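A.B. asks: Structure of the sequence below:
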Amino acid sequence: MDGDATPALLHAAGHPLRWRLLRALAAGDQPVHALTAAVGASQNLVSYHLGQLRRAQLVTTRRSNADARDTFYRLDLAHYGAMLAESGGALHSALRLVPPPLPRPPRRRRRARVLFLCTGNSSRSQMAEALLRERCAGSVTAKSAGSQPKPVHPLAIAVMTEYGIDLSRARSKHLDRFTDEAVPFDVVISLCDKVREVCPEFPGQPRVVHWSTPDPALDPDGYPAFQRVAADLDDRISFLRYELAARDPGEAP
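C.D. replies: Okay, the predicted model is just below:
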């Protein structure tokens, strides 16, 4: 980086509307009409600034599987963090940020509860459930379900072995099983654009988040597609762990 050049992050995030868009996307993937409502600006203006964020490689897009007219925008938190570190270092070497160690969610009056949803509960949500449980060493209750359950995909089982996780005993479940849980979920995360459209209400008003994730079973690339989805979910879960750890014991979501 040229020492006299303004860091790219400051150009991209310094505009007030772009900052509001980044804040909205930090909560989860969203289509442009939801972002328009969130920031209170016209769709043309929002689309222009989303284009600026895409050019800065802070935001990526993915066409919805449920409605091809919709595009989901996603904030690349890992890239944002790298750019933030670079921006500090551009001013002074002592300001180059080093990511803190990932915390483990504290023991609470009750463990945080997270539910992952996709259509078949056969790959994406199963992998996400297993990864969160593994990464949090049992300090978070992780569950998964689907709107049209089908057997767990053998390639999902295979790819999880790369993470030291045995998924061979996992069984798919219908999401209706969890709509009347005695202990409410804190966070419900839909991984499939289609299940996002039919997601029921869950008791306790959990925070509802969408991670627009492609179905690796539909990708002709086969096993590498499952590897990519697993790596993407593991990355997202690393940031979810920060959110879960940041809450005070017993705090409502």
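
A.B. asks: What separation do you get for Ala37 and Val159?
C.D. replies: 37 Å (Cβ to Cβ, to the nearest Å). (Glycine included, C-beta is placed from N, CA and C.)

A.B. asks: neighbour-wise, which of those two wins?
C.D. replies: Neighbours per residue (other Cβ atoms under 10 Å) separate Ala37 from Val159, with Val159 holding more: 24 against 13.

A.B. asks: show me where pLDDT drops low in the protein?
C.D. replies: 1-4, 97-109, 246-253 (pLDDT under 70).

A.B. asks: now the helices: where do they sit in it?
C.D. replies: 8-13, 16-25, 32-39, 43-55, 77-91, 124-135, 154-160, 193-198, 223-246 (DSSP state H).

A.B. asks: so which of the ones you listed gets nearest Arg110?
C.D. replies: Closest to Arg110 of these, according to Cβ to Cβ: helix 223-246, at 12.5 Å.

A.B. asks: Touching the closest one from outside, list them.
C.D. replies: 77-78, 102-106, 112, 114, 123-124, 127-128, 131-132, 135-136, 140, 153, 155-156, 158-160, 162-163, 186-187, 189, 191, 211, 213-214, 216, 219 (Cβ atoms under 8 Å, 6 or more residues apart in numbering).

A.B. asks: what's the answer for stretch 131-142, then?
C.D. replies: Stretch 131-142 is contacted by residues 102, 104-107, 111-116, 128-130, 163-165, 230, 233-234, 237-238, 240-241, 244 when judged by Cβ under 8 Å, 6+ apart.

A.B. asks: Report the buried residues of it.
C.D. replies: Within stretch 131-142, the residues scored as buried using 16 or more other Cβ atoms under 10 Å are Leu131, Leu132, Arg133, Glu134, Arg135, Cys136, Ser139, Val140, Thr141, Ala142.

A.B. asks: If we only consider those, which is nearest to Leu91?
C.D. replies: Using Cβ to Cβ, those come closest to Leu91 at Arg135, 33.5 Å.
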